[in-house]
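*Asks:* give me the fold of what follows.
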Amino acid sequence: MSERTQRRKLAAGSISTRRRFLRIAGAGTAVSLAGCLTEEGPGVDAGEDWEPSESIRYIVPYDEGGGTDVYARGIVEPLTDAMGQDIQIDNVPGGGGLNGFGDLYGSQPDGHTISGSAVPLEVTPQLLEDPGFDQRDLEGLGIIGRSTWCLVVNEEYQGEVETFDDVREKHNSGEWDSIGIQEPGSPQDIMTLLAKHEPEYADEYDWQWENRVQYTGTGPIAEAVTSGEVPCGIGTDAGTRPNVDSGGVYPVCTFFSEGTDVYPDIPSVTDEGYPDMDFVAGVNRGLYAPPDTPESVIDELSGRIEEATQDQQYEEWSEETGNPIFFEGPDAANAAIDDAFEEFEDLEIVSLIEEHS
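*Replies:* Numbers count the residues shown, from 1 in each chain. This next block holds a predicted model:
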């Protein structure tokens, strides 16, 4: 068991109140990632520099086309160059991201399997039902970007529906009866429940949606809105951008108060006078390795991921798509998960979901 896991379990009963989006640059405590099976873990000799010796499997715990998938495919070429090995992207959707995380959890901690993430998207599913593992035991490699949750609408309504106020009126009047979101416990699930049922938010939002149609990720949501299966849906800016670019949907607003670089011209809900939901309205694009991955492997993987984020190909991708890129190291990735659990437990998000979902 890693020292990080031991410290997390000792601190599990100490939860502080924080209402903020997970801004974790420089956050977190010093972490020791020493392996449990040997000094340097299985398959790694102490004192030797680690090098990838075969292709690397990059798990995306969501469908193709979602934001986590978009970031993976954006960095795959520069990451291949940095690793000196092929990168094989493997979409493992389902369970609110936990199917992919469970796959990573059971993989060999030898540096040849990593996973993307969309923290805090994966947190509530674990709080709702024990998946048989704890994602807080995963070893952070770094954070390579962030996304925000945006409301997109079928292009049939362009010129008629241009703000969150307009979307709210469509639902409240009964003209629309549905909205596309992800599974119970997802940020979209939480935001829509807050806006209808939690007095602190509902008194201002008064968003009387009738039905929430649930999908496995932003990609399927964007496709459902494009096809007219639902008139609108909530997805990440990164994940909805391909559908916006190809036509069929357009963005109306973001739920993150500071806006989005992907759609710089759309307002946030706070711009329209609604309370902010920043603690759940943003997504950290993290990368993780299996539990007990040796420290030498973590350091080498993290360094090569940082190298990839500085590659001109990745910078050009960022400029073309509007998706922000940067690098924050293993401590930041670990803190993103740990902080999200503390935040959601403190706000009793599970009780809200169980009462109204």
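
*Asks:* which outside residues touch stretch 64-72?
*Replies:* For stretch 64-72, contacts defined as C-beta atoms under 8 Å, 6 or more residues apart in numbering pick out 58, 60-63, 89, 91, 116-118, 144-145, 147, 217-220, 222-223, 235-239, 241-242, 283, 285, 321, 323. Where you see a C-beta, it was placed from the backbone N, CA and C, and this is true even at glycine.

*Asks:* show me where the stretch 251-357 of the chain has helices.
*Replies:* 295-309, 312-321, 330-346, 349-356 (DSSP state H, counting those that start in this stretch).

*Asks:* export the ones you listed to TSV and append columns for mean pLDDT, distance to residue 169 and mean neighbour count.
*Replies:* TSV is the format used below for these (pLDDT from 0 to 100; distance: least, C-beta to C-beta, whole Å; neighbours: other C-beta atoms under 10 Å):
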stretch	mean pLDDT	distance to residue 169	mean neighbour count
helix 295-309	97	42	21
helix 312-321	92	31	15
helix 330-346	94	31	22
helix 349-356	90	22	15
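
*Asks:* and of these, who's closest to residue 190?
*Replies:* Residue 190 lies closest to helix 349-356 among those, at 6.0 Å (C-beta to C-beta).

*Asks:* what about the closest one, distance to the chain center?
*Replies:* Averaging C-alpha positions (C-alpha atoms, centre = their mean, to the nearest Å) puts helix 349-356 21 Å from its chain's average.

*Asks:* tell me what angle it forms with helix 330-346.
*Replies:* 50 degrees (axes from the mean of the first three to the mean of the last three C-alpha atoms, to 10 degrees).

*Asks:* circling back: among the contacts of stretch 64-72, name the buried ones.
*Replies:* Applying 16 or more other C-beta atoms under 10 Å to the contacts of stretch 64-72, the neighbour count classes 58, 60-63, 91, 116-118, 144-145, 147, 217-220, 222-223, 235-239, 241-242, 283, 285, 321, 323 as buried.

*Asks:* circling back to that earlier point, let's have the helices of the stretch 251-357 of the chain in TSV, adding distance to residue 107.
*Replies:* Formatted as TSV, the helices of the stretch 251-357 of the chain follow (distance: least, C-beta to C-beta, whole Å):
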stretch	distance to residue 107
helix 295-309	13
helix 312-321	25
helix 330-346	17
helix 349-356	28
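
*Asks:* out of these, which gets nearest to residue 73?
*Replies:* helix 312-321 (9.0 Å).

*Asks:* in this protein, which spans are helices?
*Replies:* Taking DSSP state H as the criterion, the chain carries its helices at 3-10, 67-83, 98-105, 123-128, 164-172, 187-197, 199-205, 218-227, 237-246, 295-309, 312-321, 330-346, 349-356.

*Asks:* packing partners of the fifth one?
*Replies:* Secondary-structure packing of helix 164-172 (3 or more C-beta pairs under 8 Å, 6 or more residues apart in numbering; DSSP states H and E): strand 139-154, strand 249-254.

*Asks:* deepest-packed of these, please.
*Replies:* strand 139-154 (a mean of 26; mean count of other C-beta atoms under 10 Å).

*Asks:* residue ranges in the stretch 101-250 of the chain under the pLDDT threshold?
*Replies:* Applying pLDDT under 70 to the stretch 101-250 of the chain picks out no residues at all.

*Asks:* now the phi/psi pair for the residue most central in space within the chain, please.
*Replies:* Geometric centre of the chain, nearest residue: residue 118, 1.4 Å, by C-alpha atoms, centre = their mean. With angles defined as degrees, to the nearest 10, residue 118 sits at phi -140, psi 50.

*Asks:* wait, it touches residue 236, no?
*Replies:* Yes: if you go by C-beta atoms under 8 Å, residue 118 and residue 236 touch, sitting 7.4 Å apart.

*Asks:* common neighbours of those two, please.
*Replies:* 67, 147, 283.

*Asks:* out of the helices of the stretch 251-357 of the chain, flag the one nearest residue 266.
*Replies:* Using C-beta to C-beta, the nearest of the helices of the stretch 251-357 of the chain to residue 266 is helix 312-321, at 15.6 Å.

*Asks:* for the closest residue to residue 165 other than its chain neighbours, what are its contacts?
*Replies:* Excluding its sequence neighbours, the residue lying closest to residue 165 (C-beta to C-beta, 6 or more residues apart in numbering) is residue 272, at 6.1 Å. By C-beta under 8 Å, 6+ apart, the residues touching residue 272 are 163-165, 253.

*Asks:* repeat that for residue 85.
*Replies:* Here residue 85 is in contact with 52-56 (criterion: C-beta under 8 Å, 6+ apart).

*Asks:* how about the residues you listed in TSV, adding distance to residue 335, neighbour count and pLDDT?
*Replies:* Converted to TSV, the contacts of residue 85 look like this (distance: C-beta to C-beta, whole Å; neighbours: other C-beta atoms under 10 Å; pLDDT from 0 to 100):
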residue	distance to residue 335	neighbour count	pLDDT
52	26	19	94
53	31	11	94
54	31	10	96
55	30	13	97
56	24	20	98
